[in-house]
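Novice: quick one, fold the following:
(2 chains)
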There are 2 protein chains.
Amino acid sequence: IMLEENDTAGLAEFCRALYPPIAADVMDDMSVDDVFKVLSQGTPHDRAEILVYFPLPVQEEIAKCFSVELLAEIIEEMPPDDRADLLERFDKTLVENLLPLMTPAHRSDIRQLLSYPEGTAGSIMTTEYSSLPANLTVDEALKRLRKQAVDKETIYYIYITDEAQHLIGNVSLRRLLLAPEGTKLGDIIERDVISVRVNDDQEVVAREMNRYGFLAIPVVDSQNRLVGIVTHDDAADVLQEEATEDAHLAAAVAPLDDSYLDTPVMILLWKRGIWLVILLGASFLTAAVLNVFEGPTSKHSDAASLSSKGWMLLFIPLVLASGGNTGSQSATLVIRAMALDEKRGVQSSIAGLIAWKELRIGALLGLTLGSTTLVAARLLVGWQRAFVVSLTVFLVVICGTVVGGLLPVGLRKLGVDPALMSNPLIAALSDMLGVVIYYNVATLVLGG
Amino acid sequence: IMLEENDTAGLAEFCRALYPPIAADVMDDMSVDDVFKVLSQGTPHDRAEILVYFPLPVQEEIAKCFSVELLAEIIEEMPPDDRADLLERFDKTLVENLLPLMTPAHRSDIRQLLSYPEGTAGSIMTTEYSSLPANLTVDEALKRLRKQAVDKETIYYIYITDEAQHLIGNVSLRRLLLAPEGTKLGDIIERDVISVRVNDDQEVVAREMNRYGFLAIPVVDSQNRLVGIVTHDDAADVLQEEATEDAHLAAAVAPLDDSYLDTPVMILLWKRGIWLVILLGASFLTAAVLNVFEGPTSKHSDAASLSSKGWMLLFIPLVLASGGNTGSQSATLVIRAMALDEKRGVQSSIAGLIAWKELRIGALLGLTLGSTTLVAARLLVGWQRAFVVSLTVFLVVICGTVVGGLLPVGLRKLGVDPALMSNPLIAALSDMLGVVIYYNVATLVLGG
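Specialist: Numbers count the residues shown, from 1 in each chain, chains lettered A, B, ... in the order given. You can find the predicted model right below:
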């Protein structure tokens, strides 16, 4: 509303006063252009604060609306870990244009964080930790902390390092507050600090933190020098991502970089299609095995059997597997997307989006698998029969995406937990449909 | 080692000095009796601190080794949320015996927490939050906090309530430290507090916290009175549990209360079997549909076909689905169990445990599904043929658990991510095995 009235003061106030994640939530439905217009009215600090609460692909789009100079200002205001995540998505030339516009300290910090490979502790850590020397007294430490506090990610865990940045201990702010004023830091710190290496797998780091209930865990290099901390919120994100990735892998979908809704159709097609084609290959092997068992029998008992309709049985496992596998993929993607975004999932606009996306992907997957089948089935049977199988696979795959993708959305609308719609159940439904389609296509193409 | 030498002083020191989660890790491999012996040497406080880091079923077993009096002491020392989780597992009479041994404050606190239904914010919250009235100055507030700090779950978020416990705001310890000494709390608190209701779904609460990166979120009753807080570590646990539950549901395994390794075989059998039988029912419908399509044709073209080997095709979808579904269940349970316990998963002792467990479950599931099949298949074909199908299902189900349960363990040992062994891939492998088994059993039983 303020946007329509072009109320710049109101928009600036919106950016400043609202709690940043809520501001981002409010703008969730807006177009990138509108978000850009709103953020333009905020200070670079407000822009950065709000921007980090959008999903990364959206952050990228919004960021690209700003001029390089303004973008550099925003990026300087972002927390170092979020900054590195965003910069990793930009192409090299843009990053090279941005870096000279920043302060030397930020520049070297960014270069450092960008150098850690994805999936390691280094790639999710932040460099804004609180550290103090061991020889301070408790009240000196508190004074120093008050100065540091403004731009540290957490001041609740304080790390104690020597002159060469080696990690020698840590102390919680709670313990610091409980200690008598004159106490030396060295006397109250915990020296057996649990730390992780900068190259450790991010999933292992996140599980470790979860296990101990830490707010943050220190990250050290090979010489035990403190280089950053991983905070609890980033660890929780990692566990979520890994759970999603495992769910997708379990349904034979190659891991997605972004959320289901943020991933373009063609990329989904590739990530699903590659596995479906491999599985189709396995089904052909099964068909070949069946051919060995059925072939000789029918030859001497009655050749008519395999030549009239008996040949169809060779491809039953293939037809059913195609439908079941596509259905499982759709169901897994849709159910996980809805679970991760409880709020959006119930909105009807999103249900429509999911349905439309699945239909397009289903049609494309059907074409891909159908044409592969045509060529491969030709090796075992004649063209006409291969065409029957191929057309069936095309239709069954589309049915699979519809059953797998839309049933969970429908159940959700009825208030039933869509997770009840398990993959085997979807496969069972698509099996039944598959048989009906197979025989009807055969009758239609080959005649009664 | 200390245990063998009966070094009581050493064991007491072990309980006291070691960081509790690490002490629990060290005792991970010990028998319940040995853990009991070690903990017996600690103070009630040490016992409680270490106990909460064991999985709940193990906590329960250890707890039952102690006398009611000692157990009451330990339970009083536990954090309120962990206490409630453990008490919920005890039978009613034990709880009624324990309660009179505790202080009245703990007693009413426990009764309160036990009254919230499982799965709600109330069931995961703790009552040990820091709260202060709004009329204090910053330095008075810090003094009060120092007194409260010892037994509060967190002092980093402080909640401001009026005399009737209504939540009116919150302030972070960071903000408190940054404020000038004389400031009134009322002037620096955030009044738009994001809170959740005591009856809210725990998953929604956990996602909310994750989204905002909170350390804790206040829980209020219907009159907006503060009744507890949910802390970040418990929220992370909830998200993990929900992800596991969804993964299990996706593979048609009814949700488990405990981890895979802690769940007895008979319970797993039930949680898997119930779904497999439902799915078997669906496969029979497919067989019936196939019978309709194939039946009439073979009657007029050549009756010999369906009576010799053509009848076998009716049950191909059923045989393949049984193997595939059981395999998917096994793979999902095993892969998720390994992902949640990275450390244990690589130990060969656990691999052996998993293998042995899956084999037993596979045999039992095979018996269940095989006998169900025998009865149901009799409706479509004769006894001898029904027996072929039934025996095949029995064998295929066992193969499914072996392929699904052991391949991921094997891949893990080879250093390959077991998650790559997707359910459709396992189904494809078990399809091939299924066809081979089916035809061999038929030849064996019915003769060439």
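Novice: how about the strands in chain A?
Specialist: A:130-132, A:157-161, A:167-172, A:196-197, A:216-220, A:226-231 (DSSP state E).
Novice: for the record, mean pLDDT for the fourth one?
Specialist: When you say that, I think you mean strand A:196-197. Per-residue pLDDT over strand A:196-197 has a mean of 92.
Novice: stretch A:113-122 now?
Specialist: Mean predicted confidence for stretch A:113-122 is 88.
Novice: so where is chain A shaky, pLDDT-wise?
Specialist: In the predicted model, chain A carries pLDDT under 70 at residues A:1-5, A:295-309, A:341-349, A:448.
Novice: flag every buried residue along the longest helix along it.
Specialist: In chain A, taking DSSP state H as the definition, the longest helix is helix A:265-301. By 16 or more other Cβ atoms under 10 Å in any protein chain shown, the buried positions in helix A:265-301 come out as A:268-269, A:271-273, A:275-276, A:279-280, A:282-287, A:289-291, A:293-294, A:297-298, A:301. C-beta: built from backbone N, CA, C; applies to glycine.
Novice: same question, stretch A:40-49
Specialist: Here stretch A:40-49 shows A:Q41, A:G42, A:P44, A:D46, A:R47, A:A48, A:E49 as buried, counting by 16+ other Cβ under 10 Å.
Novice: is that stretch positioned near chain B?
Specialist: No. Counting by Cβ under 8 Å from any Cβ of the partner chain, chain B is not contacted by stretch A:40-49; separation bottoms out at 12.1 Å.
Novice: buried stuff in stretch A:98-117?
Specialist: Neighbour-count burial for stretch A:98-117 [16+ other Cβ under 10 Å]: A:L98, A:L99, A:L101, A:M102, A:H106, A:D109, A:I110, A:L113, A:L114, A:Y116.
Novice: just the closest of those residues to chain B, please.
Specialist: Using Cβ to the nearest Cβ, A:L113 is the member of those that sits closest to chain B, with 18.9 Å.
Novice: and for the residue lying closest to that closest one once chain neighbours are set aside, the neighbour number?
Specialist: Leaving aside its sequence neighbours, A:L113 sits nearest to A:A84 (Cβ to Cβ, 6 or more residues apart in numbering or on different chains; 3.9 Å). By other Cβ atoms under 10 Å in any protein chain shown, 25 other residues sit near A:A84.
Novice: A:A84 contacts A:R111, correct?
Specialist: No. Using Cβ atoms under 8 Å, A:A84 is not in contact with A:R111, being 9.9 Å away.
Novice: measure the residue nearest to A:G228 when sequence neighbours are not counted to chain B for me?
Specialist: In space, and not counting its chain neighbours, A:G228 is closest to A:M125: 3.6 Å by Cβ to Cβ, 6+ apart. Distance check for A:M125 against chain B: by Cβ to the nearest Cβ, to the nearest Å, it reads 15 Å.
Novice: A:M125: neighbour count?
Specialist: So A:M125, with other Cβ under 10 Å, has 29 neighbours.
Novice: pretty sure it is touching A:I229, no?
Specialist: Yes. Using Cβ under 8 Å, A:M125 is in contact with A:I229, at 6.0 Å.
Novice: quick revisit: so which of the strands of chain A is the most packed in?
Specialist: Most buried of those by mean neighbour count (mean count of other Cβ atoms under 10 Å in any protein chain shown) is strand A:226-231; its value is a mean of 26.
Novice: that older thread, next up, the contacts around the residue nearest to A:L113.
Specialist: Contacts for A:A84 (Cβ atoms under 8 Å, 6 or more residues apart in numbering or on different chains) come out as A:I110, A:L113, A:L114, A:S123.
Novice: and which of these is nearest to A:S131?
Specialist: A:L113 (17.3 Å; Cβ to Cβ).
Novice: tell me where the stretch 1-150 of chain A has helices.
Specialist: Using DSSP state H, counting those that start in this stretch, the helices of the stretch 1-150 of chain A run over A:8-17, A:20-26, A:32-40, A:44-51, A:56-63, A:68-77, A:80-89, A:92-98, A:104-114, A:121-124, A:138-148.
Novice: in this structure A:S430 contacts A:G327, no?
Specialist: Yes. When contacts are counted by Cβ under 8 Å, A:S430 is listed as touching A:G327 (4.8 Å).
Novice: more crowded one of those two?
Specialist: A:G327 (33 against 29).
Novice: and the gap between that one and A:L429?
Specialist: From A:G327 across to A:L429, the span is 8 Å (Cβ to Cβ, to the nearest Å).
Novice: hey, what's in contact with both of those two?
Specialist: A:V403.
Novice: not counting sequence-adjacent ones, nearest residue to A:E163?
Specialist: The nearest residue in space to A:E163 (Cβ to Cβ, 6+ apart) is A:P133, at 7.8 Å.
Novice: likewise A:A355?
Specialist: A:L406 (5.7 Å).
Novice: contacts only, for that neighbour.
Specialist: So A:L406 contacts A:I354, A:A355, A:E358 (Cβ under 8 Å, 6+ apart).
Novice: out of the residues you listed, who's the most crowded?
Specialist: Result: A:E358 is most packed of these (other Cβ under 10 Å), 27 neighbours.
Novice: was I right to think that residue contacts A:G400?
Specialist: No. Counting by Cβ under 8 Å, A:E358 stays clear of A:G400, with 9.9 Å between them.
Novice: mutual contacts of these two, please.
Specialist: In contact with both A:E358 and A:G400: A:S330, using Cβ under 8 Å, 6+ apart.
Novice: do I have it right that A:R83 meets A:R111?
Specialist: No. With contact defined as Cβ under 8 Å, A:R83 does not count as touching A:R111 (11.7 Å).
Novice: shared neighbours, the two?
Specialist: Common neighbours of A:R83 and A:R111 (Cβ under 8 Å, 6+ apart) do not exist.
Novice: could I get the contacts of A:L406 as a markdown table with distance to B:D262?
Specialist: Listed next are those as a markdown table, based on distance: Cβ to Cβ, whole Å:
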| residue | distance to B:D262 |
| --- | --- |
| A:I354 | 36 |
| A:A355 | 40 |
| A:E358 | 38 |
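Novice: and those residues, which of them are in helices?
Specialist: A:I354, A:A355, A:E358.
Novice: which residue packs closest to A:A419, ignoring adjacent ones?
Specialist: B:L249 (4.4 Å).
Novice: oh, that last question was meant for A:K271, not what I typed.
Specialist: Excluding the flanking residues, the one nearest A:K271 by Cβ to Cβ, 6+ apart is A:A254, at 4.1 Å.
Novice: count the neighbours of the one you found for me.
Specialist: 17.
Novice: swap in A:G119?
Specialist: A:G119: 15 neighbours (other Cβ under 10 Å).
Novice: with A:L367 instead?
Specialist: By other Cβ under 10 Å, neighbour count at A:L367 equals 14.
Novice: what do you get for A:L318?
Specialist: With other Cβ under 10 Å as criterion, A:L318 counts 28.
Novice: from chain B, how far off is it?
Specialist: The value you get for A:L318 to chain B, if Cβ to the nearest Cβ is used, is 9 Å.
Novice: same deal with A:L136?
Specialist: Distance from A:L136 to chain B, counting by Cβ to the nearest Cβ: 16 Å.
Novice: need the residues of the stretch 301-448 of chain A near chain B, please.
Specialist: Counting by Cβ under 8 Å from any Cβ, the stretch 301-448 of chain A sits next to chain B at A:301-302, A:304-305, A:308-310, A:313, A:316-317, A:320-321, A:324-325, A:328, A:331-332, A:335-336, A:339-340, A:342, A:419-420, A:422-425, A:427-429, A:431-432, A:435-436, A:439.
Novice: ChimeraX command to pick out the buried ones of the residues you listed?
Specialist: In ChimeraX syntax, the buried subset of these is picked out as below (16+ other Cβ under 10 Å):
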select /A:301,302,305,308,309,310,313,316,317,320,321,324,325,328,331,332,335,336,339,340,419,422,423,424,425,427,428,429,431,432,435,436,439
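Novice: thank you, goodbye.
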